[in-house]
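Peer 1: predicted model follows, preceded by the sequence.
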Amino acid sequence: MVNLIWALLAIIGIVYAAFNGTMEDVNKAIFSTLDEAVMIALSLAGVLIFWLGLMKIAEEAGLLKGLAKLFRPFVRKIFPDIPENDPALGYILSNMTANMFGLGNAATPMGLKAMNELKRLSNSQEASRSMITLLAINTSSLTLIPTTVIAIRMKYGSEDPTSIVGATILATIISTCAALLIDRYFYYRRKRLMRT
Amino acid sequence: MISIWLIPGIILIVLITATLKNVPAYEVFVEGSKEGIQIAISLLPFLLGMMVSIAIFQASGAMGAILHLFEPVTRAVGFPEEILPLAFIRPISGTAALSMTTELIRTYGPDSFIGHLASVMQGSTDTTLYIITVYFGAVGIKKMGDALKVGLLADLVGIIASVIVVVILFS
């Protein structure tokens, strides 16, 4: 599916540009995006190097295990496939906590490390059940404090920049619950398909 | 602002615990962070490929044209059409969504209905395509299973939920 979406976006774009006379914009966009992608990967590299180092210390010091223990009943329900006391749980929880507090650039490294741990568990090129669940949680964004949005609202003179916090939390809870339910539904569907 | 204290606070807790437990903090830090370089390099091809394709789609004007096609449908169900481009772009491109949110807040005012809706929509979902690309790219997963479907369906629910929540809370 990703192969198709990826190819179609570019194909439709180029064909449309041919009729729409925007080929020059397309050319510009291609090359400026190359730079942009490398810049994003580079700035991600800095964040990754720092947080993965720090989280390794947290792991060795037993902090991740403590965090995993604290939320065990809750996380085991969402991720039933991960063995108890596995370090993957600690990274998943760090990722979720960082997301909640709007620490986007700390959440990504921990999420990626969690994916690495999940890959160690599944040992396959295919996405495992837990990986899809982790992605579902991350794409629906479990934010409690939407810092960027509050900053934009302040900049444009909002009388009450934080007025949207309650609404955002409500919407994010609905979308995260929906993500988990949809994820479960697809999991059971996969299982059914495999049996027949 | 509490958020200024969060990251230094985390660093402080981690380093104090490590020192108390005699963990060789600096050595462990260096060892752990090496993995970061590897992850960053391995996700670059995934990220770059996806971004180029999205950029072509956007710059050609095809995306705007497709949005235009959807306008009658959204008008029929009463979805505020000013917000439609944002709802459509939010799962695809984070930077584009952020600039669109900024533009909507600037144009309609942060405390207007559209301003509230754009703020909630921007804050309550994330860029699904980017997250899937980066997360799977980092560990070299090629078969993504149902991840994309799950993510996009959850986005749809999130967008509808934002509209309903804002309508109930702000009008």
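Peer 2: Thanks, I have the structure now. Residues are numbered from 1 along each chain as shown, chains lettered A, B, ... in the order given.
Peer 1: give the other helices and strands that the lowest-mean-pLDDT helix or strand in chain B contacts.
Peer 2: Sorted by mean pLDDT, DSSP states H and E, the helices and strands of chain B end with helix B:62-77, the least confident at a mean of 83. Packing contacts for helix B:62-77, counted by 3 or more CB pairs under 8 Å, 6 or more residues apart in numbering or on different chains; DSSP states H and E, involve helix A:2-20, helix B:84-89. The way it works is simple: take the backbone N, C-alpha and C, and place the C-beta from them, glycine included.
Peer 1: now do the last one: everything it contacts.
Peer 2: Okay, so that is helix B:84-89. B:63-64, B:67, B:70-71, B:74, B:79, B:96-97, B:100-101, B:104, B:118, B:121-122, B:159 (CB atoms under 8 Å, 6 or more residues apart in numbering or on different chains).
Peer 1: and the angle from whichever strand or helix holds B:Ile164 to helix A:2-20?
Peer 2: Here B:Ile164 is covered by helix B:147-170, with elements defined by DSSP states H and E. Taking axes from the mean of the first three to the mean of the last three CA atoms, to 10 degrees, one finds helix B:147-170 and helix A:2-20 inclined to each other by 70 degrees.
Peer 1: re the thing from before, restricted to buried residues, select the contacts of helix B:84-89 in ChimeraX.
Peer 2: To isolate in ChimeraX the members of the contacts of helix B:84-89 that are buried, counting by 16 or more other CB atoms under 10 Å in any protein chain shown, one can use:
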select /B:63,67,74,79,96,97,100,101,104,118,121,122,159
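Peer 1: what's the closest of the contacts of helix B:84-89 to chain A?
Peer 2: B:Gln122 (5.2 Å; CB to the nearest CB).
Peer 1: ok, the helix or strand containing B:Ile132 near chain A or not?
Peer 2: Assigning secondary structure by DSSP H and E places B:Ile132 in helix B:128-138. Yes: with CB under 8 Å from any CB of the partner chain as the threshold, helix B:128-138 lies in contact with chain A, specifically through B:Thr128, B:Ile131, B:Ile132, B:Val134, B:Tyr135, B:Phe136, B:Ala138.
Peer 1: by mean pLDDT, which helix or strand of chain A comes out lowest?
Peer 2: For chain A, scoring each helix and strand by mean pLDDT, DSSP H and E identifies helix A:63-70 as the least confident one, at a mean of 81.
Peer 1: so what touches the next helix-or-strand element following it?
Peer 2: Along the chain past helix A:63-70, the next helix or strand (assigned with DSSP H and E) turns out to be helix A:72-78. Counting by CB under 8 Å, 6+ apart, the neighbours of helix A:72-78 from elsewhere in the structure are A:Ala68, A:Ile82, A:Glu84, A:Leu89, A:Ile92, A:Leu93, A:Thr133, A:Ile137, A:Leu180.
Peer 1: tell me the domain ranges of chain A?
Peer 2: The record's domain split for chain A, according to the TED database, is A:1-60, A:62-195.
Peer 1: dump these into TSV; add mean neighbour count as well.
Peer 2: Formatted as TSV, the entries for the domains of chain A read as follows, by neighbours: other CB atoms under 10 Å in any protein chain shown:
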stretch	mean neighbour count
domain A:1-60	17
domain A:62-195	19
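Peer 1: in TSV: the ones you listed, plus distance to B:Asp155.
Peer 2: Shown next, in TSV, are these (distance: least, CB to CB, whole Å):
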stretch	distance to B:Asp155
domain A:1-60	14
domain A:62-195	7
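Peer 1: tell me the spacing between the residue of chain B found nearest chain A and A:Met110.
Peer 2: For chain B, the residue positioned closest to chain A under CB to the nearest CB is B:Gly32, at a distance of 2.3 Å. When CB to CB, to the nearest Å is the yardstick, B:Gly32 and A:Met110 sit 12 Å from each other.
Peer 1: swap in A:Ala41?
Peer 2: The value you get for A:Ala41 to A:Met110, if CB to CB is used, is 18 Å.
Peer 1: residue contacts, the residue of chain A found nearest chain B?
Peer 2: For chain A, the residue closest to chain B is A:Lys56, as judged by CB to the nearest CB, at 2.3 Å. Going by CB under 8 Å, 6+ apart, A:Lys56 touches B:Val28, B:Phe29, B:Glu31, B:Gly32, B:Ser33.
Peer 1: buried subset of these?
Peer 2: For those, a burial check counting by 16+ other CB under 10 Å picks out B:Val28, B:Phe29, B:Gly32, B:Ser33.
Peer 1: let's have those residues in a markdown table, adding distance to A:Ile78 and secondary structure.
Peer 2: Listed next are the buried ones among the contacts of A:Lys56 as a markdown table, based on distance: CB to CB, whole Å; DSSP: H, G, I helix; E, B strand; the rest coil:
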| residue | distance to A:Ile78 | secondary structure |
| --- | --- | --- |
| B:Val28 | 29 | helix |
| B:Phe29 | 30 | helix |
| B:Gly32 | 26 | helix |
| B:Ser33 | 29 | helix |
